[in-house]
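1. From the sequence below, what's the structure:
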Amino acid sequence: MTGYRLNPIGWVRSPLKDIADAPHQGRPAGVEAEILMEEKVLQGLHGIRAGDKLFVMCWFHMADRETLRVHPRGDSAIPKRGVFATRSPDRPNPIGLSLVDVLAVEGPILKVRGLDAVDGTPVVDLKPYVRCLDH
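-> Numbers count the residues shown, from 1 in each chain. You can find the predicted model right below:
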């Protein structure tokens, strides 16, 4: 396999300190967090405002990359499925995807609601939610 290098564009600052604390889905849980952006990418935030919705892609650095089948939502009463049929953080390339509400943009700090990543998680990309495309 060919390897690819991802460079974090920011880091999550969250009240969630352990993966056991993380909700199965961030948006319904309403967790408020911050993304501390790297200085070299700050110009990329131009145009993002409070009230916007963004997709945040994180690298779930504590995930098990060998896992290929899981019980959805960790519920052992549900038969196991392949990770690609679930939103499990445990997967070969543990890229997390969260739709968040932007609460504020304060210099290098992006304040958001709905992020399910734990404190210290690397952020690898941000993309705008476009209602006519993503709904």
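2. give me the low-pLDDT residue ranges for the chain?
-> Counting by pLDDT under 70, the chain contains low-confidence residues at 1, 23-29.
3. which residues of the protein fall in strands?
-> With strands called from DSSP state E, the chain shows them at 10-13, 32-37, 53-59, 69-70, 81-82, 95-106, 109-113, 122-128.
4. and of those strands, who's closest to residue 2?
-> The closest of these to residue 2 is strand 95-106. By Cβ to Cβ, the value is 16.7 Å. No exception for glycine: its C-beta is placed from N, CA and C like everyone else's.
5. For residue 106, grab the count of nearby residues.
-> When neighbours are counted by other Cβ atoms under 10 Å, residue 106 registers 10.
6. Identify the bridge partners of it.
-> Beta-bridge partners recorded for residue 106 (DSSP bridges): residue 109.
7. Quick check: the gap between it and residue 52.
-> In this view, residue 106 and residue 52 are 14 Å apart by Cβ to Cβ, to the nearest Å.
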